[in-house]
Every structure is written in structure tokens, then in C-alpha cells.
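J.: Let me see the structure of the following:
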Amino acid sequence: MDQYVGLDVSQDETHVCVVDRDGNKLWEGHCPSTPEGIGETVQKHAPEAVKIGLESGHLSTWHWHGLNDMGLPAICIDAYHAHGVLRLQMNKTDKNDAHGIAQIMRCNWYKEVTIKSFENHESRALFRTRSNLVSMRTDVVNQIRGMLKTFGILIKGIAGVSFENRVQEIIDEGTAIAPPLQIQLDMLRMIKEKINDLDELVLDHAYACQKCRILMSIPGVGPMTAANFVLAVYDADRFKQSKSVGAYFGLTPRRRQSGDMDYNGRISKRGDRVIRHQLYEAANSILTRVKKPSSLQAWGLRIAKRSGMKKARIAVARKLAVIMHQMLQTGELFCFNPATGERAVYA
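T.: Model (predicted):
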């Protein structure tokens with residue numbers, strides 16, 4: 001008898017529900033939120049499980065790998081998609097959510113999420129840490145500026161080392177807020193030093209990776225964008241069509257269609273925000289800074305002339321994601337002009 005299992009995972013405890021092929025509840029309970037605890041519970045109460053569903057989340061990678069290593073058919077489903085079903089319940093409880101997930105698995109109405117390897121997450125931790133430090137650097141700079149504005153001291157038009165030197169001059173002048181200002185300035189310098197250390201690791205990672213070097217042949221795509229894209233895509237073959245990559249990173253417009261109404265709205269902004277931002281910056285570089293002409297640049301400039309630069313950047317970012325995916329599949333370098341076949345060289 002086929003059995004379907006739903007897991008509602010929290011940090012300490014996981015609620016489990018088992019149903020048969022007709023949707024009848026066979027068992028429900030809870031267990032510790034560890035792969036071993038969940039696995040033992042499923043093996044005991046659902047020995048004939050054909051699908052074990054758990055929502056995507058912070059613990060899903062650990063649980064998915066652990067359950068699959070035990071030979072259990074664990075499937076990670078899109079939490080956003082599952083939420084649309086689970087919110088129809090009158091009472092929102094962990095027990096009801098586990099039952100709802102079990103029914104979702106039974107009906108086969110879910111979107112499966114690709115779980116990346118631990119090695120992939122180890123590499124992504126490097127980029128995630130750098131991104132967090134860059135945000136911290138911006139916050140500290142803004143805090144220093146805001147603190148000085150209170151006393152009528154404005155620092156305009158300078159950044160980086162010049163900004164630090166100006167702040168140090170203000171501190172040396174003996175201002176009343178010198179002690180807290182010095183602490184924040186020291187913090188800023190420390191953060192910048194750590195970012196520089198991470199930049200060296202990123203460069204080493206990118207230039208050691210053949211896939212990254214292929215993507216870096218695109219003008220405007222640097223080591224950071226290339227490496228982040230490779231890690232986010234993970235397996236290029238999991239996308240049946242290259243155009244799906246644009247939607248995966250939230251660069252396609254939302255569509256609202258009902259009866260006679262059919263409306264395309266703003267881009268969905270689903271998926272990895274950092275990758276989307278980096279693709280946008282790469283597109284802006286292609287349109288405004290890259291001197292060597294390409295068919296991609298010419299296409300984007302035509303859109304800019306017709307619809308404005310902002311829409312052109314989004315369009316080029318979306319098309320750039322498609323091109324980068326195709327390059328990962330074929331292993332070919334960037335083609336400046338398909339008519340002549342002129343290609344870039346390795347970075």
C-alpha cells in the first residue's frame with residue numbers, strides 16, 4: 001500500500017502525517033527535527049512511503065540529504081507554492097500543515113525544489129558573507145554621515161579612503177563626538193579589510209573554475225557575477241529551456257489574465273536577489289561602459305531608445321541570464337556577433 005508523508009519542520013520538533021493513496025490518515029505525531037529522528041519515525045510508521053514531502057527552508061538541505069542517505073524518498077517542495085494550498089485551512093497549526101503537505105504529495109500538486117550539494121553551499125557561504133559585509137560597510141558609512149549631520153558637519157562628494165581621511169581629520173580636531181566616531185571609523189576600516197580578504201578568495205575561486213572563466217568572457221561580467229551565477233544555477237541541465245532562467249531569477253513580468261483582461265505587470269523579483277542585482281549591473285555595464293560593440297548591446301540600445309534605459313537594463317539582464325545558461329551548456333565563449341561568429345577569448 002502506497003503511503004505519503006508530510007513533514008512540517010520547525011527548529012526543535014517536526015510534525016509528521018502519513019496518509020494512504022485515498023487520502024485517509026494512517027498516523028500522525030511528532031519527532032525531533034533531525035534527519036535521524038525523522039527517518040526513524042518514517043521507517044516505523046510509513047514503511048511503504050513513496051513520497052516524503054518537506055517545504056524548502058533553512059533546514060531543508062540538511063534534512064533532504066540526511067533522509068536520502070537513509071534511502072528514503074524525500075522531496076523538497078516550494079514553500080511559496082505550498083503556502084497557497086495550506087492557507088485554505090481554517091485552522092493554521094503544525095499538525096494541520098503536516099497533513100496538508102501529505103495530501104499535496106498524494107495529489108502530486110507541488111513544485112519540486114532542487115537541493116544543492118553541501119560543497120555548493122560552502123562556496124556560496126563565501127559570497128553570502130561578502131554581501132553581508134558590503135551591506136555592513138554601507139550602514140556604518142551612513143551612520144557616520146548621520147552622526148556628523150546632527151552637528152552641522154557635512155561630508156559631500158567623497159567616498160572610500162578620502163572619506164576615511166576626512167573623518168579622521170574631524171576626530172583629530174577634538175570634536176565632542178570623537179570617541180564614538182573613532183570606534184565607528186575603526187569598524188569601517190576593519191570591515192573593508194575583511195572584504196578585501198574575501199575578494200582575493202573570490203578571484204581565486206573564479207579563475208580556478210572553467211565555467212566561471214567561460215562566463216567572464218562576456219564584457220561586463222566579472223568574477224563575482226560569474227561565480228555567483230554558476231553556484232546559483234548549480235546544474236544547467238535542470239532547466240529544460242534557457243528562457244526559464246530569467247524567470248528563475250525574477251526577471252520576467254508577472255501576468256494577470258482573466259476573461260478579456262490580459263495584463264503584464266512588473267517583474268516578479270522572485271529568486272536570488274543578489275544574482276538579480278548583479279545581472280542588472282552587468283547589463284548596465286554592457287549598455288553604458290563596454291566599448292566593443294555586440295549584438296546584445298545593439299539590441300539593448302534599441303529597447304532603450306524605444307522604452308527607456310531602465311526597461312532596457314531589465315531586458316538585457318534577462319537575456320544575459322539566458323545567454324549565460326546557454327554558454328554553460330555548450331561550453332562556448334561569448335559571441336559578439338552571430339553573423340560573423342566573432343567570439344571572445346578566455347578571461
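
J.: Pull up the gap between the residue sitting nearest the centre point of the chain and residue 301, please.
T.: In the chain, the residue lying closest to the centroid (CA atoms, centre = their mean) is residue 272, at 2.3 Å. To residue 301, residue 272 is 27 Å away according to CB to CB, to the nearest Å. C-beta coordinates here come from the backbone N, C-alpha and C atoms, glycine included.

J.: Just the buried positions in the helix or strand hosting residue 182, please.
T.: Using DSSP states H and E, residue 182 maps to helix 178-208. Residues of helix 178-208 classed as buried: 181, 184, 185, 188, 191, 192, 198, 202, 205, 206, 207 (neighbour count, 16 or more other CB atoms under 10 Å).

J.: hang on, the earlier thing: find the nearest non-adjacent residue to the residue nearest to the centre of the chain, please.
T.: residue 232 (5.3 Å; CB to CB, 6 or more residues apart in numbering).

J.: For the one you found, which residues are in contact?
T.: The contact partners of residue 232, by CB atoms under 8 Å, 6 or more residues apart in numbering, come to 124, 249, 272, 275.

J.: Can you report phi and psi for the third one?
T.: Taking degrees, to the nearest 10, you get phi -70, psi 110 for the backbone angles of residue 272.

J.: how far away is it from residue 321?
T.: Counting by CB to CB, the gap from residue 272 to residue 321 is 11 Å.

J.: Quick check: neighbours shared by those two?
T.: Contacts common to residue 272 and residue 321, judged by CB under 8 Å, 6+ apart, are residue 249.

J.: returning to that earlier point: which helices and strands does the helix holding residue 182 pack with?
T.: Packing partners of helix 178-208 (3 or more CB pairs under 8 Å, 6 or more residues apart in numbering; DSSP states H and E): helix 118-150, helix 160-172, helix 210-215, helix 223-233.

J.: Would you reformat these as a markdown table and include mean pLDDT and distance to residue 62?
T.: Shown next, in a markdown table, are these (pLDDT from 0 to 100; distance: least, CB to CB, whole Å):
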| stretch | mean pLDDT | distance to residue 62 |
| --- | --- | --- |
| helix 118-150 | 94 | 9 |
| helix 160-172 | 92 | 40 |
| helix 210-215 | 95 | 26 |
| helix 223-233 | 95 | 18 |
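
J.: Check which helix or strand residue 321 maps to.
T.: helix 309-330.

J.: Just the buried positions in that helix, please.
T.: 312-325, 327-328.

J.: Between helix 223-233 and it, find me the angle.
T.: Relative orientation of helix 309-330 versus helix 223-233 (axes from the mean of the first three to the mean of the last three CA atoms, to 10 degrees): 70 degrees.

J.: helices or strands up against helix 309-330?
T.: helix 210-215, helix 223-233, helix 244-248, helix 273-288, helix 295-307.

J.: what's the third one packed up against?
T.: Counting contacts by 3+ CB pairs under 8 Å, 6+ apart, helix 244-248 is packed against helix 309-330.

J.: Brilliant, that's me finished.
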